[in-house]
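Peer 1: next input, structure requested:
(one chain, ligands or ions: 1)
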Amino acid sequence: MSASQLESLEKTLETYLPPEELKEVRRILFGNDTKKLELPQSAVEAAAERNFELQGCAFEAAREQLRQPRAVRVGLIQNAIVLPTDAPVMEQISALHRRVADMVEVAALCGVNIVCFQEAWTMPFAFCTREKAPWTEFAESAEEGPTTCFCQELAKKYNMVVVSPILERDEVHGGTLWNTAVVVSNSGTVLGKTRKNHIPRVGDFNESTYYMEGNTGHRVFQTQFGKIAVNICYGRHHPLNWFMYSMNGAEIIFNPSATVGDLSEPMWPIEARNAAIANHCFTCAINRVGTEHFKNEFTSGDGKKAHNDFGHFYGSSYVAAPDGSRSPGLSRTRDGLLVAELDLNLNRQISDKWSFKMTGRYEMYAQELAEAVRHDFKPSIVKE
Ligand SMILES: NC(=O)NCCC(=O)O
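Peer 2: Model (predicted):
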């Protein structure tokens, strides 16, 4: 069986394990079971008609005496590109707008409050080619570009916060390019933008040809539905990156990504989940699906043969909670919408239980880190 044929880990476990064993395996692998979220029949039918997977689950928290539950519904959208990578740029963008609009409409039927798309969602993930044309033409203004205007319409129409990760062109700073997530409030105004802090230089992910390390720090966006942050793709390998969003108060951290099986699949289920545990918050990891073919061959700089594709983007988008539980993953092969209801009260409940924010020795780390980044740093090693 090829990597792109396996539907999902959960489906394989369900197919082959007897029910009692499956329950135990699920408990050990995935933590407390999430509740299945009943979704409207109209949404289920629309998803089937539009050929994408729809899953719903709920993370519950204990009832408290002084606080009401703080239920918020997030929607994670994963999708394949619609047109071939050599179709005209504007046609590719418009086709993706139409596809995602169809999926957001279903998210609205499911009562989603905050929706997040995958990294660089308006384009093929062409950074592997290291060619500038035509890929830089996909870049748009974060404030006024056609994609942001499109998201503003969706946000207003559905009273939904929209997190839209795009390739940004910043005309204020000489037309520079950035890997940026635009956060559009449910009122339709652009709340702000946040840029990818870390650039991969691994395998075919050589994105430094296109944009620089982000300069927006670890900002958190206060929305009507909670405080959110966006840790874009490769940032998920950096525990301190998650940590700093959490330090600024993030209750939900989205991780819009583009990554392939050969490179990262065993790490995928662990990293965002571990971040949720370590930072007492919810995390939402989103990855695109499909295999994208490029006209011109490129090499990975590893002595192997040149090729025309990255390999298989394995989807598997999921939500993780601060108690270590997680949602089922979306398919490895199909477009999908995951609707998860999160009771944000769980963050403080788990924080009160495990107290990582109290037991963390931040002053000590800060002091030692400040020393470690100096050019004349001497590692603290005790020798005989
Ligand atoms: N887009 C991106 O940052 N990909 C890097 C590969 C990975 O982090 O798995």
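
Peer 1: how many residues are close by the nearest residue to C233 once chain neighbours are set aside?
Peer 2: Nearest non-adjacent residue to C233, counting by C-beta to C-beta, 6 or more residues apart in numbering: S257, 4.1 Å away. (Glycine included, C-beta is placed from N, CA and C.) Residues near S257, counting by other C-beta atoms under 10 Å, number 27.

Peer 1: S257 touches Q118, doesn't it?
Peer 2: Yes: counting by C-beta atoms under 8 Å, Q118 is a contact partner of S257 at 6.7 Å.

Peer 1: for those two, list the residues in contact with both.
Peer 2: Taking C-beta atoms under 8 Å, 6 or more residues apart in numbering as the criterion, S257 and Q118 both touch 286-288.

Peer 1: top of those by number of neighbours, please.
Peer 2: In those, the most neighbours by other C-beta under 10 Å go to I286, 30 neighbours.

Peer 1: report whether the helix or strand containing that residue contacts the ligand.
Peer 2: In the assignment (DSSP states H and E), I286 maps to strand 282-287. No: on the criterion C-beta under 6 Å from any ligand atom, strand 282-287 is out of touch with the ligand, staying 8.5 Å away.

Peer 1: pLDDT averaged over the following helix or strand past that strand - what is it?
Peer 2: Following strand 282-287 in sequence order, the next helix or strand is strand 289-290 (DSSP H and E). Strand 289-290 shows a mean pLDDT of 97.

Peer 1: from the chain's centroid, how far away is the next helix or strand after strand 289-290?
Peer 2: On the C-terminal side of strand 289-290, the nearest following helix or strand under DSSP H and E is strand 293-298. Relative to its parent chain, strand 293-298 has a centroid offset of 26 Å by C-alpha atoms, centre = their mean, to the nearest Å.

Peer 1: how deep is E45 tucked in, by neighbour count?
Peer 2: 13.

Peer 1: got it, and S246?
Peer 2: 25.

Peer 1: what helices and strands are in contact with the host helix or strand of it?
Peer 2: S246 belongs to helix 239-247 when assigned by DSSP H and E. Counting contacts by 3 or more C-beta pairs under 8 Å, 6 or more residues apart in numbering; DSSP states H and E, helix 239-247 packs against strand 252-257, helix 268-279.

Peer 1: which of those sits most buried?
Peer 2: Of all the helices and strands packed on helix 239-247, strand 252-257 has the most neighbours on average by mean count of other C-beta atoms under 10 Å, namely a mean of 28.

Peer 1: just the CA trace of it, in CSV.
Peer 2: Extracted C-alpha coordinates of strand 252-257, given in CSV (Å, rounded to 0.1, in the frame of the first residue of the first chain):
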residue,chain,number,x,y,z
ILE,A,252,-6.3,28.4,21.3
ILE,A,253,-3.2,28.2,19.1
PHE,A,254,-3.7,27.3,15.4
ASN,A,255,-1.0,25.6,13.5
PRO,A,256,-1.7,25.9,9.8
SER,A,257,0.8,23.7,8.0
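
Peer 1: contacts for that strand?
Peer 2: 72, 74, 114, 116-119, 121, 163, 165, 181, 226-233, 235-236, 242, 245-246, 272, 275, 279, 281-288, 342, 344.

Peer 1: and if we set it to 7 Å?
Peer 2: 74, 116-119, 163, 165, 181, 226, 228-233, 236, 242, 245, 272, 275, 281-287, 342 (C-beta atoms under 7 Å, 6 or more residues apart in numbering).

Peer 1: what strands line up against that strand, and which way round?
Peer 2: strand 226-230 (parallel), strand 282-287 (parallel) (DSSP bridges).

Peer 1: winner for burial among those?
Peer 2: strand 282-287 (a mean of 29).

Peer 1: state the distance from V106 to M244.
Peer 2: 34 Å (C-beta to C-beta, to the nearest Å).

Peer 1: so the two - more neighbours on which side?
Peer 2: Taking other C-beta under 10 Å, V106 and M244 do not tie; V106 has more neighbours (25 against 19).

Peer 1: that one contacts E45, correct?
Peer 2: No: V106 lies out of contact with E45 (C-beta atoms under 7 Å); the separation is 9.5 Å.

Peer 1: how about stretch 347-359: buried residues?
Peer 2: 347-351, 354, 356 (16 or more other C-beta atoms under 10 Å).

Peer 1: which members of these are the farthest-apart pair?
Peer 2: Based on C-beta to C-beta, the longest span within those runs between Q349 and F356 and measures 13.2 Å.

Peer 1: got the residue ranges for the helices in the stretch 1-150 of the chain?
Peer 2: 9-16, 19-30, 41-49, 89-109, 146-158 (DSSP state H, counting those that start in this stretch).

Peer 1: export the longest one as CSV, just CAs?
Peer 2: Only the C-alpha atoms of helix 89-109 are listed here, as CSV (Å, rounded to 0.1, in the frame of the first residue of the first chain):
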residue,chain,number,x,y,z
VAL,A,89,-2.5,32.3,-11.3
MET,A,90,-5.8,34.1,-10.9
GLU,A,91,-7.8,31.0,-11.9
GLN,A,92,-6.0,28.9,-9.3
ILE,A,93,-6.7,31.5,-6.6
SER,A,94,-10.4,31.8,-7.6
ALA,A,95,-10.9,28.1,-7.7
LEU,A,96,-9.5,27.8,-4.2
HIS,A,97,-11.7,30.6,-3.0
ARG,A,98,-14.8,28.8,-4.4
ARG,A,99,-13.8,25.5,-2.9
VAL,A,100,-13.1,26.9,0.6
ALA,A,101,-16.3,29.1,0.4
ASP,A,102,-18.3,25.9,-0.1
MET,A,103,-16.6,24.4,3.0
VAL,A,104,-17.0,27.5,5.1
GLU,A,105,-20.7,27.5,4.3
VAL,A,106,-21.0,24.0,5.9
ALA,A,107,-18.9,25.2,8.9
ALA,A,108,-21.5,28.0,9.4
LEU,A,109,-24.3,25.4,9.3
